[in-house]
Each structure stands twice: as C-alpha cells, then as structure tokens.
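Enquirer: Need the 3D shape of this:
(4 chains)
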Number of protein chains: 2
Amino acid sequence: MDGIAKPTGARLRDSALTDDISFLLARANALSLAAGNAALAPLTLRARSYSVLELAAGQARPTQRELAEFLRLDPSQVVALVDELQGQGLVARESDPADRRTKVVVATPLGREVCEAARAAATAAEQHLHADVSGSDRHLLVDLLRRLAFPT
Amino acid sequence: MDGIAKPTGARLRDSALTDDISFLLARANALSLAAGNAALAPLTLRARSYSVLELAAGQARPTQRELAEFLRLDPSQVVALVDELQGQGLVARESDPADRRTKVVVATPLGREVCEAARAAATAAEQHLHADVSGSDRHLLVDLLRRLAFPT
DNA sequence: ACAAGACCGTTGAGAATGTCAATCATTGAA
DNA sequence: TTCAATGATTGACATTCTCAACGGTCTTGT
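Expert: Below you'll find the model as predicted:
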C-alpha cells in the first residue's frame, strides 16, 4: 500500500476528531491559553486575571456574580481572582448602596494602565499565534465563535 | 443617556473581551466541555477519555507520545488516561517490535463498540448545543477552527 | 563494538482549576 | 414581620496542568 510515510504529527489527523468541534475548541483553546499566559506573565497576570481586569476597567461596573457568569467561573473563583488583583492594587471592591450584598469590581488608575499594557501584549500574542487567519476570515471567525460562546 | 436597562447577562457584552478570540475560545470551550462531559457520563467516560478512545479506535495505531502531542496533553496524563481505559477493558497497550520503547494504544472490540455509542452521544450533544450554527456555517467554522487548532 | 546522548513511558510532586456545600449578610415578597 | 431567595465568602475535594526525575530502549559518532 502507501509507501509514503506521513510526518509524525500529521498521522492522526484523519481521525474522527478532526471534524469534532468540541475537540477543535479544546485544542485551539489550549494553544491560545498557553500563548496568552506566556505573554501576560511579565505583567504578573494570567489570562484569567487579565479577563477580570479587562471587565473591571470598562464602563460596566460588574458585580462579582456578573463576572462569574460572564467568565463561566464559580463565584468562589472570582473571590480569589479579585483578592489577587486587589492585592496588586489593580482593582477595588465598591459596595453598591442600592444593594449592599453585591460588590462592584472597578479598576484603579494603575489597574487601567496595566490593563492597556496587558491588552497590547495579549492581542500581539494572539495575532502572532493566529497569523494564518486574518482579514475578513478573522471577522467571520469572531462572529461564529460568539455564537458558540453565547448560545441563544 | 440610555434609559434602557439591559438584561443582566448582556451588560458585559460591550467589553473588549467580546472581540478577543482567546476569551471566546475559552468560553465556548467551557460550555462545550460541560455539555460533552454530561453527555458522556452515562458511558463512564469524560471528553478526555473519549478523545483517547476515538484515536485508539481508528487506524492510526498511535503511540502514547503521539496521543499526548495530538491532544495537547502531558505524557503523564496520557498514562493515567490509558490506564483508566485499559481498566475498563476498552483499550490495550501493544508493544511495537520495531521500537520497544513505545506503546501503541489500540481499542478492544468492546472499546470500538463503546466508542461508537460515545461518538453518537457526543455529536448529539454538540449539535444540540450549537444548534444555531449549522449547514454551511458549520463547515466554515470547522475549517477556521482547524486553522486555530493546528497552526502552521 | 562501544559510549554518549536522545527518546519513551512512568512515577511523583506541586500548582492551578473546577465543583460543590455551608454560612453570613442583605434583599424582596408573602 | 417572617420567610425564601440572592451575593459574597470560606472550606473541602476532585480534576487538570506542569515539571523534574528515573529506567529501559534506540541512535549516533567514534
């Protein structure tokens, strides 16, 4: 039969998994997460903490529960992440007079600075990793991914 | 300004993260993984072990190291996964006479049976979760995801 | 033929992450 | 006012990630 030996890495690409969206998501996410964490490490941030910081630096003034739902994390994980960012002086917990149960997480001025640097590092790493999908393909991809990430 | 209050879940969607492929991948993967694990639980499988089983059930006859690279796992994790599947009688380790260092992982007849049932359960759950992206959009998505999952 | 180095599977440890139950303070509704 | 529901927090536990080390096996250079 075939006398052509495929390169080691490609031998498994004929598997049923190659059409499996779940598997492709898992692998793409693993690569993206590794690259993101590496890019953010110099700022003493991980992808996780950066995502919290980014939301805290926006206009939304999210509560911890909203952060948990949006980031698909357990509320207890958000506690730890906010503790960490607060310890670094990047965010603060503000109590909402309208509902004193909730804690609104907002970025400090320093937090907003670090957030911008982090965003630059993260997007640079992401564009480098996904250099082979750009232009209109990229917009298409973002649109499709949004449908997966936020199903109706 | 806007007098319209957005539903709680959508308040954060204006964030910079909504355009961030890494974040979208993370969130989509979290949802997909949860659905997949739930669908495979009745078969005593997780998404992880199913992916190993699927590769072992194919024609590729992968070594553990090839499984690790393809699934983006540490070789030590593959050891544990294969141990588990072997304990369930779904796969076996065959030693390759050509290279006695490697262990080729192959599915047993029972393993191939279970694999088919698992594939049915997994794809059903996946199509249900991603019902709003179908037809040509789905092929497009798979193509784009493959470029992310297997960068050049 | 032989030694040195590389590779594979395996074990073990420690960090990070995921999941769940229980508690306290606060809110909203009966 | 009382009672159920909600948000943050703590603690415990399972899963997953990452790394270093080891023994057995190949491979390369000499």
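Enquirer: Contact residues of chain A facing DNA strand D?
Expert: Proximity of chain A to DNA strand D, by Cβ under 7 Å from any atom of the strand, involves residues A:30, A:33-34, A:37, A:63-65, A:68, A:75-76, A:78-79, A:82-83, A:93, A:99, A:101-103. Glycine gets a C-beta too; all of them are placed from N, C-alpha and C.
Enquirer: Let's see that with 6 Å instead.
Expert: Within chain A, the positions adjacent to DNA strand D are A:34, A:63-65, A:75-76, A:79, A:82, A:93, A:101-103 by Cβ under 6 Å from any atom of the strand.
Enquirer: now the helices: where do they sit in chain A?
Expert: A:21-40, A:47-57, A:64-71, A:75-87, A:109-129, A:136-149 (DSSP state H).
Enquirer: Reformat those helices as CSV; add distance to B:S15.
Expert: Listed next are the helices of chain A as CSV, based on distance: least, Cβ to Cβ, whole Å:
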stretch, distance to B:S15
helix A:21-40, 16
helix A:47-57, 5
helix A:64-71, 8
helix A:75-87, 15
helix A:109-129, 11
helix A:136-149, 12
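Enquirer: any idea how far stretch A:120-128 is from the chain center?
Expert: Relative to the mean C-alpha coordinate of its chain, stretch A:120-128 is positioned 12 Å out (Cα atoms, centre = their mean, to the nearest Å).
Enquirer: outside of that stretch, which residues touch it?
Expert: Residues outside stretch A:120-128 that contact it (Cβ atoms under 8 Å, 6 or more residues apart in numbering or on different chains) are A:32, A:35-36, A:38-40, A:42-43, A:47, A:50, A:134, B:20-22.
Enquirer: one step back: out of the helices of chain A, deepest packed?
Expert: A comparison of these by mean neighbour count, using mean count of other Cβ atoms under 10 Å in any protein chain shown, puts helix A:47-57 on top with a mean of 24.
Enquirer: Would you mind putting the CA coordinates of that one into CSV?
Expert: What follows is helix A:47-57, C-alpha atoms only, in CSV (Å, rounded to 0.1, in the frame of the first residue of the first chain):
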residue,chain,number,x,y,z
ALA,A,47,-5.3,35.0,31.1
ARG,A,48,-7.8,34.6,33.9
SER,A,49,-6.8,37.6,35.9
TYR,A,50,-6.5,39.7,32.7
SER,A,51,-10.1,38.9,31.8
VAL,A,52,-11.3,40.1,35.2
LEU,A,53,-9.2,43.2,35.0
GLU,A,54,-10.5,44.0,31.5
LEU,A,55,-14.1,43.8,32.7
ALA,A,56,-13.3,45.9,35.7
ALA,A,57,-11.6,48.5,33.6
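Enquirer: Name the single longest strand found in chain A.
Expert: The longest strand of chain A (DSSP state E) is strand A:99-107.
Enquirer: Check the offset of it from the chain's centre.
Expert: The answer for strand A:99-107 is 22 Å, by Cα atoms, centre = their mean.
Enquirer: Now for A:L71: which residues touch it?
Expert: Counting by Cβ under 8 Å, 6+ apart, A:L71 makes contact with A:48, A:51-52, A:55, A:78, B:27.
Enquirer: mind checking how far it is from B:A35?
Expert: 18 Å (Cβ to Cβ, to the nearest Å).
Enquirer: that older thread, could I get the contacts of stretch A:120-128 as TSV with pLDDT and distance to B:A125?
Expert: Shown next, in TSV, are the contacts of stretch A:120-128 (pLDDT from 0 to 100; distance: Cβ to Cβ, whole Å):
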residue	pLDDT	distance to B:A125
A:S32	97	23
A:A35	96	29
A:G36	96	27
A:A38	95	32
A:A39	96	33
A:L40	96	33
A:P42	95	39
A:L43	96	38
A:A47	96	26
A:Y50	98	30
A:S134	88	32
B:D20	96	26
B:I21	97	24
B:S22	97	24
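Enquirer: Pretty sure A:L140 sits against B:R147.
Expert: No: in this structure A:L140 lies outside contact range of B:R147 using Cβ atoms under 8 Å: 11.5 Å.
Enquirer: Sketch out the low-pLDDT regions of chain A for me.
Expert: A:1-9 (pLDDT under 70).
Enquirer: if we can go back for a sec, restricting to the contacts of A:L71, which residues neighbour DNA strand C?
Expert: With Cβ under 6 Å from any atom of the strand as the criterion, the members of the contacts of A:L71 in contact with DNA strand C are A:R48.
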